[in-house]
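Chemist: One predicted model, sequence on top.
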Amino acid sequence: MWDPTVVQFDALDMTDPLICGKLRMLRLNLTIGFTAVYRLHTMPDRRNLWEKLKELLHNNPDPCLMMGDFNAVLTPDDRPIGSPIQDSETKDFREFMLDTGMNDIQTYRREYAWTNNHSYSRIDRAIGNASWMTTYANLKTHSMEPQFSDHSPLKICVQMPTKNIAKQFKFFNCLADYQDFIPLISAAWGETIEHTSMIEVWRKLKKVKQSLKTLNSTQFKGTGDKIKLLRQQLQSVQKQMSQPVHQQSLIEEEKAFRAKLEEWDKIEESVFH
């Protein structure tokens, strides 16, 4: 159900496992490709689904969202409780994601989307193509409470895209001076990706970018606050050294704070550049 004054849906394909069409959000003046997926309990049935979804995505540059009950797990972590996930259970789904460049949209609230009170699995999810991830990179999937169902409803709140929704990625030169920089890049770039052509390069670059963002947030975030704290600590030590007679430990402590402050001053200068 939807309010026709807010949303208009033009169905393009309605076969047994899916409903596909153009979703127009009138008040936001935007259009996306939307596919609702449901049913299909066996792997042979789902193989036809993957091929059908590939056809729908072929040469489609618009943001595309696919959402619903895929009845398939994608990673070994998608069944937190229950029998261990076998490679055969994820193979077809993984190959579809690699072949099409689709991405799993981050989910929050519930770690699983379906349960029979014995097994808990994430078989309901939302995935988006490259254009979707570029335009709506900040959106997440809300896995809601199931209430009367054994499946958790999924919700994505879409807002009008604005410039710089996602924080612009910048490579700070100070990252290259970090001791683990080369091993970190090598690990990200060296990961095996089952694909050829530019998709492989694109995915490797995404992994490198994510590794650099993680490095920046864990080691270099809050540079100004760190410098401010170091200056306060240095001033505190120097205040204790205001008398002609003081301990050797204070001299060593001051020297250490001076060295750290100089190091972080250079990092801040590099960031400003």
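Modeler: Perfect, thanks for sending it. Note that the coordinates shown come from a computational prediction; the quantities given were computed from them, not determined experimentally. Residues are numbered from 1 along each chain as shown.
Chemist: Which stretches in the stretch 151-273 of the chain count as strands?
Modeler: Ranges of strands in the stretch 151-273 of the chain, per DSSP state E, counting those that start in this stretch, are 154-155.
Chemist: Mind listing the residues bridging to Leu23?
Modeler: Beta-bridge partners recorded for Leu23 (DSSP bridges): Phe9, Ile32.
Chemist: Next one: it from Arg110, what distance?
Modeler: 24 Å (CB to CB, to the nearest Å). For the C-beta atoms, the positions are set from N, CA and C on the backbone; glycine is no exception.
Chemist: Okay, now the unreliable bits of this protein?
Modeler: 148, 159-167, 193-196, 242-246 (pLDDT under 70).
Chemist: Taking the centroid of it, which residue is nearest it?
Modeler: In the chain, the centroid-proximal residue (CA atoms, centre = their mean) is Gln106; its distance is 5.8 Å.
Chemist: Show the contacting residues for it.
Modeler: Going by CB atoms under 8 Å, 6 or more residues apart in numbering, Gln106 touches Lys140, Thr141.
Chemist: Equivalent analysis for the one 10 residues further on, please.
Modeler: By CB under 8 Å, 6+ apart, the contact list for Asn116 reads Asp150.
Chemist: and if you look at the one 10 residues further on?
Modeler: By CB under 8 Å, 6+ apart, the contact list for Ala126 reads Leu65, Met66, Met67, Ile105, Thr107, Thr141, Leu154, Ile156.
Chemist: Tell me the spacing between it and Ser270.
Modeler: Distance from Ala126 to Ser270, by CB to CB: 39 Å.
Chemist: Run a quick neighbour tally on the closest residue to Pro76 other than its chain neighbours.
Modeler: Nearest non-adjacent residue to Pro76, counting by CB to CB, 6 or more residues apart in numbering: Ile85, 4.9 Å away. For Ile85, the neighbour count with other CB atoms under 10 Å is 16.
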